[in-house]
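Undergrad: just the structure for this:
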Amino acid sequence: MNLGTGSGHATLRALAIMALVLATASLCAPSPSRAETATAKPGSNAQPGEVLMQADNLVYDSDHEIVTATGNVEIAYDSRILKADKVTYDQKKDLVTADGNVSLLEPTGEVAFADHLALRNKMKDGVVQTLSVLLTDKSRLAGHDAERVDGTVTTLHRGVYSPCKICKEEGQTTPLWQIKAFRVIHNAKTKRIIYEDAYMELFGVPVAYLPFFSHPDPTVKRQSGFLVPTIASSTDLGQEVTIPYYWAIAPNMDATIAPQFTSKQGIVYQGQFRHRLESGTYQLDATSTWPRDRVSGTPGDAAFRGSLFSNGRFNIVPTWNWGFQTELVTDNTYLRKYGLSDKTDLTNNLYVEHFDGRDSLTANGYYFRNLLPTTNRDNTPWVAPIVNFDHDFGNIFGDGRLTFNSNMMVLGTPAGLDSRRLSTSFKWEKHFTSRAGQVYRLFASLRGDVYSTDKAPIGTTPTTYHGNETVARGLPQAGVEISYPFVNSNGWLRQVIEPIAEVIVAPTVHNTDSIPNQDSINFEFDDTNLFSENRFPGYDRWESGSRVNAGVRYSVYGNDGGKASILFGQSYRLQEDNSFSTSSGLRDQKSDYVGSIQISPNDNFVAVHRFRLDKDDFKFKRNEFDLIGRVGPLAAQLGYAYYANDPTLTTTTGAREEVSLGGILKLSEYWRLFGSSTRDLANKVTISNRIGVGYQDECFGLSVGFYQSNIYYQDIQKSNTFLVEVTFKNLGTTGTGQSSGSATAGVINPGSSLFGKEDTSLFGDPAGWINKSSQ
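TA: Down below sits the predicted model:
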């Protein structure tokens, strides 16, 4: 087996360094005409090319031409240090020997140990007895004896490698796993370490035999070769095996080819190409398959299915750069069907950026695609271009900051809708605190838009459209935000009550459906935008009219680090604004109530509750809470979300309600029990279940689990998946560690592990910090 990048192991280059040190050290011995005894006291640091020797005794026998150093011998050369009880150099026989507690410390931190060392032929050939190498990552390589030929090839007999520590229990002499080989060869020219007649032991029991096994030595950062395969089994795809091959094309270029073999659907071809240039980098990820089983009337009926994901970023000059992103698929269900990604929204983007201090200029082109089955692709827009310019004038006469923004956009859809926009705005803002403690924010803005549109829908009528129209509009507004924090402290607890009021004065400039709404559809009124001057996220819709936003924030801070806060407020306007939907909570003169409660008594518990209450009957229109906590060995998260029916946000009818629970139970120092479940309460359906058990120590990981998905539409069926993941430190991971929802379309990362990053975790982490906190 030939392992590529990601399979770094023990190195034998310590032997070559030892030879170099001893060869140069011989030049430092004195050469008088008779035998003499001396004590060498070198300086603290050896300069490049300089050898420093220190020993209790240094003897030179001129008759036999033998130099002998004994007693705490220490030789330093180019930041490398050789230690031994005795070192001799026989000039006639060209033989250097070191005996007794021989050790060599490299600049990298690796340490080689031996009982006896002998080198000949100008230090090119030699033997070492009982060699042991301690690597920087605490891995170990040992052998009964070693031979070195021509200064480049070192052969270790009866070699053993393991990154595991030996348990301290009485009678325990073997690591959890190790690789044994009859012969281990390190070729310095080819920079490879080769194992012959090797087998792996687990708990001291042989479990796998490999007649030939090799990997790059640690001096190689990347080299072509097969990576660790991944294995899975599911009801939808059957038995799955992915065998990645890494190809180091050039120092700045590589590729990974990873065919995924499935028993039910044939082969899914996956590939990744990466290239680094002087001006930037780019990456291409492609997948393809010719399905074996085709489902009539669904996207799965296609003869060919595939995807292309890519991204790149390049510098033009120091303040200018450009880049791109592509996310393309042949159909709506392909990525989820083959477990490549859970993405439902794809974005293709080409951009140019300029940043100079606080000023910026960006130009973007976009193409979007939604993969949900209810999406009408004829109404999905493309944007080319959208240009945004921001300029900061700084303080105007030392009294407030003035900024300028300009936005230009050209948008179209396959259905024929066209929209062209030019928007400019000036905004002035000033912050100050009065002597009485009130905190003020004064602001004023002036915005003007010009739109040219064609085929904009008229209201909610699906078949009627405006013609080619030009719309100009302007909106001035000014306001003040005032808060008055009251603080009380009794030595161990500090309380802050902060009434907040924001008054905005502006004319009523209603939105018109002659301007199609493309960038302000997904809107939600909550505590995060209670004091916003414009609650619409984009340019196509704005909030006008005079209004008052009022609320109160109460916070508590403990000396032990605990804290809690409550925010509650409402918005009032002089007249209703039909730009907002009836279900948004903002249309009437009085808005719904919004608020949040956040409690964190210590680092082990966090609770967040966000809500929106109907202004008339105080019923929940939006209700979310998340609890994340750790009690002893248990770390868990509970999430709940309820949203009242809002046709502007979703195509489904009725309210949405969901609950999720996940956790990890630390059974012992190395064992974990973990699981999660998500249930749709509105439709009384469990969406997914996960459960598993895992083991992880410093050198080995094992996880076994079961995943159940009840999502089905078109050719995607309910599935049950049995997952097994095994991680050997420095060898890699075999399992199904694919990143759900990743922008990279499914190319396996063989180095991912269950207890590593949460987004590459085998079973998913119910809370990002749980894995770290439960270690």
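Undergrad: alpha carbons only for contacts and neighbour counts from here, please
TA: Fine.
Undergrad: off-centre distance for stretch 686-695?
TA: Centre-to-centre, stretch 686-695 and its host chain are 22 Å apart (Cα atoms, centre = their mean, to the nearest Å).
Undergrad: the chain should start at 611 in everything you say after this.
TA: Yep, numbering from 611; the last one is stretch 1296-1305 now.
Undergrad: contacting residues around that stretch?
TA: 1280-1290, 1311-1321, 1373 (Cα atoms under 8 Å, 6 or more residues apart in numbering).
Undergrad: what residues sit buried inside it?
TA: 1296-1305 (16 or more other Cα atoms under 10 Å).
Undergrad: the contacts of stretch 1296-1305 in strands, which ones?
TA: Counting by DSSP state E, the contacts of stretch 1296-1305 place 1281-1290, 1311-1319 in strands.
Undergrad: if we can go back for a sec, and the buried ones among the contacts of stretch 1296-1305, selectable in PyMOL?
TA: Buried members of the contacts of stretch 1296-1305, defined by 16+ other Cα under 10 Å, are picked up in PyMOL with:
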select buried, resi 1281+1282+1283+1284+1285+1286+1287+1288+1289+1290+1311+1312+1313+1314+1315+1316+1317+1318+1319+1373
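Undergrad: OK, contacts around Arg923?
TA: Here Arg923 is in contact with 890-892, 931-934 (Cα under 8 Å, 6+ apart).
Undergrad: Glu1308 now?
TA: 774-775, 1339.
Undergrad: please pick the buried ones from those residues.
TA: Here, 16+ other Cα under 10 Å leaves 774-775, 1339 buried among these.
Undergrad: so can I have JSON lines of these showing pLDDT, secondary structure and distance to Asp1064?
TA: JSON lines is the format used below for the buried ones among the contacts of Glu1308 (pLDDT from 0 to 100; DSSP: H, G, I helix; E, B strand; the rest coil; distance: Cα to Cα, whole Å):
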{"residue": "Cys774", "pLDDT": "84", "secondary structure": "coil", "distance to Asp1064": "69"}
{"residue": "Lys775", "pLDDT": "79", "secondary structure": "coil", "distance to Asp1064": "71"}
{"residue": "Lys1339", "pLDDT": "74", "secondary structure": "coil", "distance to Asp1064": "61"}
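Undergrad: among these, find me the one that's closest to Gly1008.
TA: Taking Cα to Cα as the measure, Lys1339 is the one of those closest to Gly1008, at 60.1 Å.
Undergrad: which residue is the nearest non-sequential neighbour of the closest one?
TA: Leaving out its chain neighbours, the residue that sits closest to Lys1339 by Cα to Cα, 6 or more residues apart in numbering is Cys1309, at 4.8 Å.
Undergrad: before we move on, what about Val1158?
TA: Per Cα to Cα, 6+ apart, closest to Val1158 is Val1113, 4.6 Å.
Undergrad: helix or strand for that neighbour, which one?
TA: Under the criterion of DSSP states H and E, Val1113 resides in strand 1103-1115.
Undergrad: what packs against whichever strand or helix holds Val1216?
TA: Following DSSP H and E, one finds Val1216 within strand 1215-1223. Packing partners of strand 1215-1223 (3 or more Cα pairs under 8 Å, 6 or more residues apart in numbering; DSSP states H and E): strand 1203-1212, strand 1230-1241.
Undergrad: elements contacting the last one?
TA: Which is strand 1230-1241. strand 1215-1223, strand 1244-1253.
Undergrad: buried subset of the contacts of Arg923?
TA: Of the contacts of Arg923, these count as buried by 16+ other Cα under 10 Å: 891-892, 931-934.
Undergrad: how far away is Ala860 from Ser920?
TA: 20 Å (Cα to Cα, to the nearest Å).
Undergrad: avg pLDDT for the helix or strand following the strand holding Val1113?
TA: Downstream of strand 1103-1115, the first helix or strand assigned by DSSP H and E is strand 1157-1168. Model confidence over strand 1157-1168 averages 96 on the pLDDT scale.
Undergrad: can you show me the CA trace of strand 1157-1168 as CSV?
TA: The C-alpha coordinates for strand 1157-1168 follow below in CSV (Å, rounded to 0.1, in the frame of the first residue of the first chain):
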residue,chain,number,x,y,z
ARG,A,1157,-42.5,56.3,14.1
VAL,A,1158,-41.2,55.6,17.6
ASN,A,1159,-39.4,52.5,18.7
ALA,A,1160,-39.4,51.9,22.5
GLY,A,1161,-38.1,49.3,24.8
VAL,A,1162,-36.3,48.5,28.0
ARG,A,1163,-33.3,46.3,28.6
TYR,A,1164,-32.5,44.8,32.0
SER,A,1165,-29.2,43.2,32.7
VAL,A,1166,-27.6,41.5,35.7
TYR,A,1167,-23.9,40.8,36.1
GLY,A,1168,-22.4,38.7,38.9
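Undergrad: what residues does it touch?
TA: 1102-1115, 1140-1141, 1173-1184.
Undergrad: how distant is the helix or strand harbouring Trp857 from the center of its chain?
TA: Trp857 is located in strand 855-860, with elements delineated by DSSP H and E. Distance of strand 855-860 from its chain centroid, counting by Cα atoms, centre = their mean, is 23 Å.
Undergrad: and if you look at stretch 1033-1052?
TA: 38 Å.
Undergrad: still on that earlier bit, any of the contacts of strand 1157-1168 buried? List them.
TA: Counted by 16+ other Cα under 10 Å, these give 1105-1115, 1140-1141, 1173-1183 as buried.
Undergrad: circling back to that earlier point, who touches the strand holding Trp857?
TA: Here strand 855-860 has contacts from 614-615, 832-837, 864-868, using Cα under 8 Å, 6+ apart.
Undergrad: ok, and the most crowded of those?
TA: Leu837 (29 neighbours; other Cα atoms under 10 Å).
Undergrad: my read: that one touches Thr852, true?
TA: No. The criterion here is Cα atoms under 8 Å, and Leu837 misses it with Thr852 at 9.9 Å.
Undergrad: between the helices and strands packed on strand 1230-1241, which one is nearest to Val697?
TA: Nearest of the helices and strands packed on strand 1230-1241 (Cα to Cα): strand 1244-1253, 57.1 Å.
Undergrad: chain neighbours aside, what residue packs nearest to Leu1103?
TA: Here the residue nearest Leu1103, using Cα to Cα, 6+ apart, is Gly1168, at 4.7 Å.
Undergrad: go on, Asp1059?
TA: Per Cα to Cα, 6+ apart, closest to Asp1059 is Ser1033, 4.3 Å.
Undergrad: double-check that the one you found belongs to a helix.
TA: No. Per DSSP: H, G, I helix; E, B strand; the rest coil, Ser1033 lies outside any helix segment and is strand.
Undergrad: enumerate every residue touching it.
TA: Shown in contact with Ser1033 (Cα under 8 Å, 6+ apart): 1016-1018, 1057-1060, 1149.
Undergrad: Gly1022 versus that one, what's the distance?
TA: 18 Å.
Undergrad: just the mean pLDDT for stretch 1282-1302, thanks.
TA: 89.
Undergrad: repeat for stretch 721-738
TA: Stretch 721-738 comes out at a mean pLDDT of 77.
Undergrad: ditto for stretch 1187-1201
TA: 90.
Undergrad: and it, end to end?
TA: Stretch 1187-1201: ends 11 Å apart by Cα to Cα.
Undergrad: for that stretch, buried residues please.
TA: 1187, 1189-1190, 1193-1198, 1200-1201.
Undergrad: in the residues you listed, find the pair that's most separated.
TA: Ser1189 and Lys1200 (14.7 Å).
Undergrad: which strand or helix spans the closest residue to Arg979 other than its chain neighbours?
TA: Nearest non-adjacent residue to Arg979, counting by Cα to Cα, 6+ apart: Leu956, 5.1 Å away. Leu956 is located in strand 955-966, with elements delineated by DSSP H and E.
Undergrad: CA atoms only: put the helix or strand immediately after that strand in the chain into PDB for me.
TA: Counting by DSSP H and E, the next helix or strand C-terminal to strand 955-966 is strand 969-980. Backbone C-alpha positions of strand 969-980 (Å, rounded to 0.1, in the frame of the first residue of the first chain) are rendered in PDB as follows:
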ATOM      1  CA  ASP A 969     -13.800  53.400   1.400                       C
ATOM      2  CA  SER A 970     -14.900  50.400  -0.600                       C
ATOM      3  CA  LEU A 971     -16.100  49.500  -4.100                       C
ATOM      4  CA  THR A 972     -17.600  46.100  -4.900                       C
ATOM      5  CA  ALA A 973     -19.100  44.800  -8.200                       C
ATOM      6  CA  ASN A 974     -20.800  41.400  -8.200                       C
ATOM      7  CA  GLY A 975     -22.700  39.200 -10.700                       C
ATOM      8  CA  TYR A 976     -25.000  36.500  -9.300                       C
ATOM      9  CA  TYR A 977     -26.900  33.500 -10.500                       C
ATOM     10  CA  PHE A 978     -29.100  31.700  -8.000                       C
ATOM     11  CA  ARG A 979     -30.800  28.300  -7.900                       C
ATOM     12  CA  ASN A 980     -33.100  26.900  -5.300                       C
END
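Undergrad: all set now, cheers.
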